[in-house]
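Q: Have a look at this fold, sequence not included:
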């Protein structure tokens, strides 16, 4: 069974204070690891897909990295508008087409 | 980019009535659609997976007679919550995917059963 664990559960940062969110996963074979941003009362918004260990992707202040056991979402010099819940999800090669989600990290960036 | 439209964004219904939620892929044909349920401060839990023209595959513990899913076309899937009760109150989110592409999510529907 696919499992995704995210930490910390919640994180409060000052504006400009860089940090990282962790996503640990257990799958029989990884077909993709996904990062989404979710604002309150909204659906998840796609950020990145990573497919193999060593891969990195960047978008503005966000950078996602992947190893064989975990992924990190690095946030550099965050702004208040980066406040949201960040969700990590995996798709495995078991034939299951749906994503399995972690419980998310609630990020609050204070001005 | 791929857009998924979900309606309504919120609905309040009386206990015992049924509610239908629509999920449309606006600019692509979705070979597969997914329905998730999310409780406050919790993650998305998959309810069912559906392919166009075939019966949905429900996750263990999800009542197929209570949560009716129809995927009649490549751009439309509906979730009907039948005989809704207060414990069905939740945030329901759909996701659509075209083969070889990523997963796009709708904006969600907040269901409140009173």
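A: Thanks, I have the structure now. Model, not experiment: these values are computed from the prediction.
Q: Tell me where chain B has strands.
A: Applying DSSP state E to chain B gives strands spanning B:4-7, B:10-13, B:19-25, B:32-38, B:44-51, B:57-58, B:67-73, B:76-81, B:90-97, B:103-105, B:109-113.
Q: who's in contact with the residue of chain A found nearest chain B?
A: Chain B sits closest to residue A:43 of chain A, with a gap of 3.9 Å, by CB to the nearest CB. C-beta coordinates here come from the backbone N, C-alpha and C atoms, glycine included. Residue A:43 is in contact with B:4, B:6, B:93, B:105, B:106, B:107, B:108, counting by CB atoms under 8 Å, 6 or more residues apart in numbering or on different chains.
Q: What residues does residue B:114 make contact with?
A: Counting by CB under 8 Å, 6+ apart, residue B:114 has contacts B:12, B:13, B:14, B:15, B:86.
Q: can you check residue B:36 too?
A: B:44, B:45, B:46, B:47, B:92, B:93, B:94, B:95.
Q: ok so, going back, in PyMOL, how would I select just the buried ones from the contacts of residue B:114?
A: Only the buried members of the contacts of residue B:114 end up in this PyMOL selection, burial being decided by 16 or more other CB atoms under 10 Å in any protein chain shown:
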select buried, chain B and resi 13
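Q: Check the gap between the most centrally placed residue in chain B and chain A for me.
A: The centre of chain B sits closest to residue B:35, judged by CA atoms, centre = their mean, with a distance of 3.8 Å. Distance, residue B:35 to chain A, by CB to the nearest CB, to the nearest Å: 10 Å.
Q: Kindly state the beta-bridge partners for that residue.
A: On the basis of DSSP bridges, residue B:35 takes part in beta bridges with residue B:48, residue B:94.
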